[in-house]
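J.: how does the following fold in three dimensions:
(2 chains)
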Number of protein chains: 2
Amino acid sequence: MLVVGSVALDHVETPFGSVEEAPGGSAIYFAAAASVLTSVQVVGVVGTDYPRGKLAFLAEQGVDLTGVETADGESFRWKGRYSYDLNERDTIWTRLGVFAQFRPRIPDHFRDSRSVFLGNIDPQLQLDVLKQVRRPRLTACDTMNFWIERSREALLTILARVDILLVNDSEARQLAGEPNLLKAARWIQARGPEWVVVKKGEHGAILFGKDSVFFVPGYPLEQVLDPTGAGDAFAGGFLGCLDWTGGTSEDDFRRAMVYGSALGSFAVEAFGVDRLIGLEPDAVVERIRQFRDMTAFELEMHVPPDG
Amino acid sequence: MLVVGSVALDHVETPFGSVEEAPGGSAIYFAAAASVLTSVQVVGVVGTDYPRGKLAFLAEQGVDLTGVETADGESFRWKGRYSYDLNERDTIWTRLGVFAQFRPRIPDHFRDSRSVFLGNIDPQLQLDVLKQVRRPRLTACDTMNFWIERSREALLTILARVDILLVNDSEARQLAGEPNLLKAARWIQARGPEWVVVKKGEHGAILFGKDSVFFVPGYPLEQVLDPTGAGDAFAGGFLGCLDWTGGTSEDDFRRAMVYGSALGSFAVEAFGVDRLIGLEPDAVVERIRQFRDMTAFELEMHVPPDG
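T.: Numbering: from 1, shown residues only, chains lettered A, B, ... in the order given. Next up is the predicted model:
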């Protein structure tokens, strides 16, 4: 499957440690997670200063990085700091570098990808990508408040052309101008996407289908080291699972949601993408079983005879 | 089962309407929900001005109100206002009235209750209640930041003596002094309660058992009219279900969590306790089935042959 998004060097500080010049960005987190399940092709841009060796782990997981072009200039860098409870993040600085001029060019051998994930970039560029691919079976996009506020029209055009929108809960509400999440999701679906996935961080995620709603919790971890990239790892697990199985049924989408939550939970267990490197499918499957255990309940019970 | 807590007259404003002098308080919301499933006895206090006729609906649902004493003075009144998205609530005023001097007296015919819920009152009073009951099969208590800060010692004494603590997520973190929710729950369990129930509002609730974690989502509603009392209605559904069935297994506790979330969701569909009045068990059972539908997924899938 194809992913288009940012390729960055992250600087992250949390109360539990810090990391500098770590490979990050939506395309990298997505690819690291999805490549545990399926083969992934990345389109992005880095500057001449990017230490490509730091992406070697992706190549070892079968990720095709030939679509990551090198442009003259500095790579996209970002520095963030998390508060003690890890629920608040301050962006210390952002240096877009060559990412500011990113114009996705899809290599010819990527154009027949079965599935396409449009990471959080300018909706106009997301549209350009859709024009360059041939007949993907499944298309999904992410977005953020910045584009909802400034590129609403292009964003609505994209919505009409993708199968799935993945956003967090505040973005869904903002996009629809509707505080009720169920109504917001139905509003979005009426604009195009058959499926809306609402990510809620530690609270899990919700899949809105045609006439259905499905909840997956966040996996309860004793230790979260670095929440960066959890949403993109979720998307990688979710779409990676769908691409891997080729399924299109509600059951397939539900199972994929659990894979998404599982991969998101692995991502935050270590700094950067470290926990996703060489992650064994068996470990993922074991966590999927735990999700079943954490959500299963017995219905059987009778209405009391006295009403 | 026995509930001890506040009996109030609520004044609530939301963007969708308002209500004045409506029966409220933790004991009333709890009893309204629990009485859909089991028989309930209430201990509380009201002033001479309380319009007792407004509690007649509870008597009709089989609730024994003989433990609600009338004291000289004004009833407990509270006014709250919700913001547009219903996630923020401002307390406009609180008039404790006779509730400030509340000393729970358990009528003799209540002392053999099978189950006891200690609503959110002074932990010292919760202890007094436990001394007055004989051999309840199941004891549970609620608390809040006020008592965590000011009556920590009494609260820890209560914890050592109850089977279940029900709190919201911020209270669990504050009580344990631990931002990680899983660690906070384990900390609380180590102080006594075999079960910890963490309520998360629209995000659902989590049951922490001996070696287990169980999630139930919040029921997705198109229209929430008044979030007041949702947590107490959850407790009523949860403990009402356990009292009704008499079950003590993990399966019983899990099913009870779903009943809790269902009753909490009914509570917010109308102002005050209105939606809980005359609520048919069939409607509850139908909602329980929907929870199953919203959380079920098929595990069956194979690890890809190439690992």
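
J.: next, the buried residues of stretch A:116-132.
T.: For stretch A:116-132, burial by neighbour count (16 or more other CB atoms under 10 Å in any protein chain shown) applies to A:116-123, A:125-130, A:132. (C-beta placed from N, C-alpha, C; glycine too.)

J.: centre of the chain to the helix or strand encompassing residue A:65, how far?
T.: Using DSSP states H and E, residue A:65 falls within strand A:64-71. Averaging C-alpha positions (CA atoms, centre = their mean, to the nearest Å) puts strand A:64-71 20 Å from its chain's average.

J.: quick one: average confidence on it?
T.: Across strand A:64-71, pLDDT averages out at 98.

J.: show me what that strand is packed up against.
T.: For strand A:64-71, the contact count by 3 or more CB pairs under 8 Å, 6 or more residues apart in numbering or on different chains; DSSP states H and E identifies strand A:41-47 as packing neighbours.

J.: relative to the strand it packs on, what are the paired strands and their orientations?
T.: With DSSP bridges as the test, strand A:41-47 is paired with strand A:2-4 (parallel), strand A:64-71 (parallel).

J.: CSV for those strands, including mean neighbour count?
T.: Formatted as CSV, the strands paired with strand A:41-47 follow (neighbours: other CB atoms under 10 Å in any protein chain shown):
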stretch, mean neighbour count
strand A:2-4, 29
strand A:64-71, 17
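
J.: quick one, helices of the stretch 51-200 of chain A?
T.: Assigned by DSSP state H, counting those that start in this stretch, the helices in the stretch 51-200 of chain A fall at A:56-60, A:123-132, A:145-150, A:152-159, A:169-176, A:181-190.

J.: quick revisit: of all the strands paired with strand A:41-47, which one comes closest to residue B:49?
T.: strand A:2-4 (65.6 Å; CB to CB).

J.: what sits up against the closest one?
T.: A:26-27, A:30-31, A:34, A:40-44, A:67, A:104, A:106, A:110, A:113, A:115-119, A:121, A:125-126, A:129, A:133, A:136, A:236 (CB atoms under 8 Å, 6 or more residues apart in numbering or on different chains).

J.: so what's residue A:188 up against?
T.: Under the criterion of CB under 8 Å, 6+ apart, the neighbours of residue A:188 are A:159, A:165, A:172, A:175, A:176, A:196.

J.: at 6 Å instead, please
T.: Residue A:188 sits next to A:165, A:176, A:196 when contact means CB atoms under 6 Å, 6 or more residues apart in numbering or on different chains.

J.: residue A:185 too?
T.: Going by CB under 6 Å, 6+ apart, residue A:185 touches A:196, A:208.

J.: same deal with residue A:116?
T.: Taking CB under 6 Å, 6+ apart as the test, what residue A:116 contacts is A:2, A:133, A:136, A:139.

J.: just these: which are in strands?
T.: Assignment to strands by DSSP state E places the following of these there: A:2, A:139.

J.: so which of the contacts of residue A:116 comes closest to chain B?
T.: Among the contacts of residue A:116, residue A:2 lies closest to chain B (CB to the nearest CB), at 18.8 Å.

J.: which residue packs closest to that closest one, ignoring adjacent ones?
T.: Spatial nearest neighbour of residue A:2, chain neighbours left out: residue A:113 (3.8 Å); criterion: CB to CB, 6 or more residues apart in numbering or on different chains.

J.: and residue A:219, by the same measure?
T.: residue A:265 (3.6 Å).

J.: one step back: may I ask which two of the buried residues of stretch A:116-132 are separated the most?
T.: Longest span within the buried residues of stretch A:116-132, CB to CB: A:120 and A:132, 18.5 Å.

J.: just give me the neighbour total for the nearest residue to residue A:76 once chain neighbours are set aside.
T.: Closest residue in space to residue A:76, ignoring its immediate chain neighbours: residue A:99 at 3.8 Å, by CB to CB, 6+ apart. Using other CB atoms under 10 Å in any protein chain shown, residue A:99 has 25 neighbouring residues.

J.: repeat that for the one 5 residues further on.
T.: Residue crowding around residue A:104 was assessed by other CB under 10 Å; the count is 21.

J.: pretty sure it is touching residue A:43, no?
T.: Yes: Residue A:104 is within contact range of residue A:43, at 5.2 Å (criterion: CB atoms under 6 Å).

J.: who wins on neighbours among the contacts of residue A:116?
T.: residue A:2 leads the contacts of residue A:116 on contacts (other CB under 10 Å) with 27 neighbours.

J.: partner residues bridging it?
T.: With DSSP bridges as the rule, residue A:2 is bridged to residue A:41, residue A:116.

J.: what sits against residue A:104?
T.: Contacts of residue A:104 (CB under 6 Å, 6+ apart): A:4, A:43, A:125, A:129.

J.: for the third one, list the residues it contacts.
T.: Contacts were defined as CB under 6 Å, 6+ apart; by that measure residue A:125 touches residue A:104.
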